[in-house]
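> have a look at this prediction, sequence included:
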Number of protein chains: 4
Amino acid sequence: MTLTHDLQRITAFLTELPHARALSMRVESFGDSSAALSMPYDARFIGDPATGVIHGGAVSALMDTTSAGAVMAHPERPLSTATIDLRIDYMRSATPGQRITARAECHHLTRHVAFVRATAYDADETRPVATATATFTVERAP
Amino acid sequence: MTLTHDLQRITAFLTELPHARALSMRVESFGDSSAALSMPYDARFIGDPATGVIHGGAVSALMDTTSAGAVMAHPERPLSTATIDLRIDYMRSATPGQRITARAECHHLTRHVAFVRATAYDADETRPVATATATFTVERAP
Amino acid sequence: MTLTHDLQRITAFLTELPHARALSMRVESFGDSSAALSMPYDARFIGDPATGVIHGGAVSALMDTTSAGAVMAHPERPLSTATIDLRIDYMRSATPGQRITARAECHHLTRHVAFVRATAYDADETRPVATATATFTVERAP
Amino acid sequence: MTLTHDLQRITAFLTELPHARALSMRVESFGDSSAALSMPYDARFIGDPATGVIHGGAVSALMDTTSAGAVMAHPERPLSTATIDLRIDYMRSATPGQRITARAECHHLTRHVAFVRATAYDADETRPVATATATFTVERAP
C-alpha cells in the first residue's frame, strides 16, 4: 500500500535526521502531497525564559522539515528536495507545555521547483501559531 | 561605555535563552543597529546524515536570534522585540565541521516595526550560506 | 446594512486610487476579513511579448490592493492600513485574454499588525496563478 | 564590448515589454550580475490620492523587472529567467514627484535557481524606499 510504504519511507527518513531527532519530531501523517509532523514541548527549546514560550527557530525547523516531507509526499515522488527559501509568519506564541503540530501541503510542482504552504498549531487548532510559505528544489528520477 | 554595557546586556539576554544555549550560540559583536552571533558545528543539529550538513532550522534559529539582537542594538533602544515574519534564502550547504556566524543589521525602524537583513557564513566568508530578511515588532519605552 | 455600506466604502476607496483605476480593478466582494478584486486582461500590462502573458507586477499590484482591502474588511474596522512586506509566489502564467481575480483573507490581527493570505486566478479557478503572504500596519480608531 | 552589447540587449528587451513601457522604465546600468532601472513619477500610478504617493505595485513591478535584469546580466548569460517568488519590504513612501530607481544584484546562481537582492530609492539615496529578495528560475544554453 502506497501510504503505508510512504509512511515507512518518511518515518525512516526522519528517524535518520539528527536534528529531527534532537527536536523529537514525530510523523503524524504523510501522503498525497501532504505531511504532518509534531514535536513535544521541551524546556531546552524555550526562546523566552520569562514566559516559557518555545523559540521560533524550533517552530521554523519543524515547519521546514514538514514542508520537505510534503514535497516528498507528492505523487510524482521526487528523489530528493532542498529548501530554496522559506518565509514564516509568527501570529502568536505557542502555549507552553503543549505539543506543536505542523501541517504542510505541496500545492504546486514544476520541473525543478515545488511550492509549499504550512501551518503550525498547538492544542488550539482554531488559532494557528505560525504559517509558512516556501519553495524547494526537486530532484526527479532520470 | 555604551558598547560594553550593551554587550553585557545582550550576552546576559542570550545566556538566559535556553534555545540559544542549546545551540551554543555566542555573541561576536553587538551595537549600532548590528549584531553578530555564531554557533559551533554540532552533530546533534545535522539535517542531512549522508553529508553531515547542519539542518536549515538551526541556521534559521541562529539568524532569527541574531536579527532580534540587531533590533535590540538599535540606538533607540527598544525594550523588547518579537519576530513578525522572517524569510530565509538558502544558497548553499554549510561545510560540515565549521562554525557558522550570522551578521544582522536593523536598517530601518518605524514606530512599531523594525526591518532587518542578515547573512550567515561558515569559514568561507566570501560565499554566504544563507541570507534572511525579516520584520520585528518593537516595544518602546513609554 | 454593514456589507452594503462596506462595499460602498471600499468601492469608493478603490475608485479614488489612480493605480487601481489604471489597472481597471473592480471589487467582486468585500466583508468579513475578506476581499476579492479583479482586473481585465489588458495589452498594456503584458510582461512577455512573445506569449502575451501579463506582467507579474500587475498581478502583484492586484494582490497588494486586494490584501489591503481584506484588512479594511476586518470586523475591528481599521482606519487605515499600509503594506509592511509582501511575498508573492508565481506558480504559472495567467492565460492571455482572461480576467484575473484575487481573493484575500486577513486571518489574524494584532494591535499593530495584520496578517493576510491571498490567491490569484484566471478563468481556471482550480489552478492558482499566484499566492501572496503579507503583513500590513494597522491604524485603529483612538 | 560586452557591456555595451549587453546594454543594447537589455534595452531592446525592455523596450519590447509593454508593462515596462507603460511604466516608462529606463535602463540605468546593466552588467556583471547587476542591473539598475528607473521610472519617472507618474500621476497614473498613484496609490494614495491624499498624498500622491506612488502605489507599491508600481514599485514592485520596477523591482521585479530590475531583478530579472540582474539575472540576465550574470556572466553565465542565462537564456531566460522567470520569477519564482519575490518578497518586498516597504520602508517608507517614495516622495511624490521624484524618479524611482531600483538596483538589483544576482548574488548567487545554482543550476536552476538565481538569488537576487534589490533596493529602490527616490532622490534621497541614503534612505531606501523598499528592498526586495527574490528567486528566479534560470534557463541555460544547452
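Arrived safely, thanks for sending.
> from now on I want contacts and neighbour counts done on CA atoms only, so please keep to that.
Will do.
> what bits of chain A have low per-residue confidence?
A:1-10, A:12-16 (pLDDT under 70).
> near chain D, which residues of it are found?
residue A:112 (Cα under 8 Å from any Cα of the partner chain).
> can you map out the helices along chain A?
Listed in chain order, the helices of chain A (DSSP state H) span residues A:2-15, A:18-22, A:56-72.
> what's near enough to touch residue A:109?
Residues in contact with residue A:109 (Cα atoms under 8 Å, 6 or more residues apart in numbering or on different chains) are residue A:115.
> ok, it to residue B:89 distance?
Residue A:109 is 19 Å from residue B:89, where distance means Cα to Cα, to the nearest Å.
> near chain B, which residues of chain A?
Checking chain A against chain B by Cα under 8 Å from any Cα, the hits are A:16-20, A:22, A:43-49, A:55-58, A:60-62, A:64, A:83-91.
> residue A:36: what's it in contact with?
With Cα under 8 Å, 6+ apart, residue A:36 has these contacts: A:27, A:28, A:29, A:30, A:66, A:101, A:102, A:103, A:104.
> rerun that using 6 Å as the cut-off
A:28, A:29, A:102, A:103 (Cα atoms under 6 Å, 6 or more residues apart in numbering or on different chains).
> I figured the first one hits residue A:34, correct?
No - if you go by Cα atoms under 6 Å, residue A:28 and residue A:34 don't touch, sitting 10.7 Å apart.
> more neighbours: which of those two?
Higher neighbour count among residue A:28 and residue A:34: residue A:34, with 24 against 14, using other Cα atoms under 10 Å in any protein chain shown.
> run a quick neighbour tally on the closest residue to residue A:101 other than its chain neighbours.
In this structure, residue A:101 finds its nearest non-sequential neighbour in residue A:38, 4.1 Å apart by Cα to Cα, 6 or more residues apart in numbering or on different chains. Neighbour count of residue A:38, defined by other Cα under 10 Å: 24.
> right, and residue A:38 touches residue A:26 too?
Yes - between residue A:38 and residue A:26 there is a contact at 5.3 Å, judged by Cα under 6 Å.
> quick check, nearest of the contacts of residue A:36 to residue B:75?
Proximity of the contacts of residue A:36 to residue B:75 was ranked by Cα to Cα; the top entry is residue A:102 with 37.2 Å.
> which strand residues bridge the closest residue to that closest one other than its chain neighbours?
Once flanking residues are discounted, residue A:102 sits nearest to residue A:120: 4.2 Å by Cα to Cα, 6+ apart. As for beta bridges, residue A:120 partners with residue A:102, residue A:130 under DSSP bridges.
> so what's residue A:120 up against?
Residue A:120 touches A:101, A:102, A:128, A:129, A:130, counting by Cα under 6 Å, 6+ apart.
> and what of residue A:69?
residue A:35.
> hmm, try it at 10 Å
A:10-11, A:13-14, A:27, A:29-31, A:33-37, A:63, A:80-81, A:103-106 (Cα atoms under 10 Å, 6 or more residues apart in numbering or on different chains).
> ChimeraX command for the buried members of these?
Burial among the contacts of residue A:69 is assessed by 16 or more other Cα atoms under 10 Å in any protein chain shown; the matching ChimeraX selection reads:
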select /A:10,11,14,27,29,30,31,33,34,35,36,37,63,81,103,104,105,106
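> which ones among the contacts of residue A:69 lie within strands?
Judged by DSSP state E, the subset of the contacts of residue A:69 located in strands is A:27, A:29-31, A:34-37, A:80-81, A:103-106.
> how deep is the nearest residue to residue A:33 once chain neighbours are set aside tucked in, by neighbour count?
The shortest distance from residue A:33 to any non-neighbouring residue, by Cα to Cα, 6+ apart, is to residue A:74 (4.0 Å). Other residues within reach of residue A:74 by the criterion other Cα under 10 Å amount to 21.
> surely residue A:74 meets residue A:115?
No - counting by Cα atoms under 10 Å, residue A:74 stays clear of residue A:115, with 11.0 Å between them.
> what do those two both touch?
A:105, A:106, A:107, A:108, A:109.
> so how far is residue A:40 from the first one?
So that's residue A:105. Distance from residue A:105 to residue A:40, by Cα to Cα: 22 Å.
> do the same with the last one
Distance, residue A:109 to residue A:40, using Cα to Cα: 31 Å.
> equivalent analysis for the third one, please.
In this view, residue A:107 and residue A:40 are 27 Å apart by Cα to Cα.
> how about the residue nearest to residue A:112 when sequence neighbours are not counted, what does it touch?
Residue nearest to residue A:112 in three dimensions, not counting chain neighbours: residue A:138, with 5.1 Å by Cα to Cα, 6+ apart. By Cα under 10 Å, 6+ apart, the residues touching residue A:138 are A:71-72, A:77-84, A:109-114.
> which of the residues you listed are buried, as a PyMOL select command?
Filtering the contacts of residue A:138 down to the buried ones (16+ other Cα under 10 Å) takes a single PyMOL command:
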select buried, chain A and resi 71+72+78+81+82+83+84+109+113+114
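> among the contacts of residue A:138, which two are most distant?
Spanning the widest gap among those are A:77 and A:84, at 18.4 Å by Cα to Cα.
> circling back: now, which of the contacts of residue A:36 sits nearest chain C?
For the contacts of residue A:36, the minimum distance to chain C (Cα to the nearest Cα) is 16.5 Å, reached by residue A:103.
> of all the residues in chain A, which one is nearest chain D?
residue A:112 (7.1 Å).
> can you pull the contacts of the closest residue to residue A:92 other than its chain neighbours?
When the adjacent residues along the chain are set aside, residue A:92 lies closest to residue A:129, with 5.1 Å between them (Cα to Cα, 6+ apart). Applying Cα under 10 Å, 6+ apart to residue A:129 gives the contacts A:56, A:59, A:89-95, A:100-102, A:119-122.
> try residue A:139
A:77, A:78, A:79, A:80, A:81, A:82, A:111, A:112, A:113.
> my guess is residue A:141 contacts residue A:81. True?
No - shown here, residue A:141 and residue A:81 do not form a contact pair, counting by Cα under 10 Å, at 11.9 Å.
> and which of the contacts of residue A:139 is nearest chain B?
The closest of those, once distances to chain B are taken by Cα to the nearest Cα, is residue A:82, at 8.9 Å.
> I figured the closest one was touching residue A:136, is that so?
Yes - taking Cα under 10 Å as the definition, residue A:82 is a contact partner of residue A:136 at 5.3 Å.
> overlap in contacts, those two.
If you check residue A:82 and residue A:136 against Cα under 10 Å, 6+ apart, the residues they both contact are A:64, A:67, A:68, A:71, A:113, A:114, B:90.
> need the residues you listed in a markdown table (columns: distance to chain C).
What follows is those, written out as a markdown table (distance: Cα to the nearest Cα, whole Å):
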| residue | distance to chain C |
| --- | --- |
| A:64 | 17 |
| A:67 | 16 |
| A:68 | 17 |
| A:71 | 15 |
| A:113 | 9 |
| A:114 | 9 |
| B:90 | 16 |
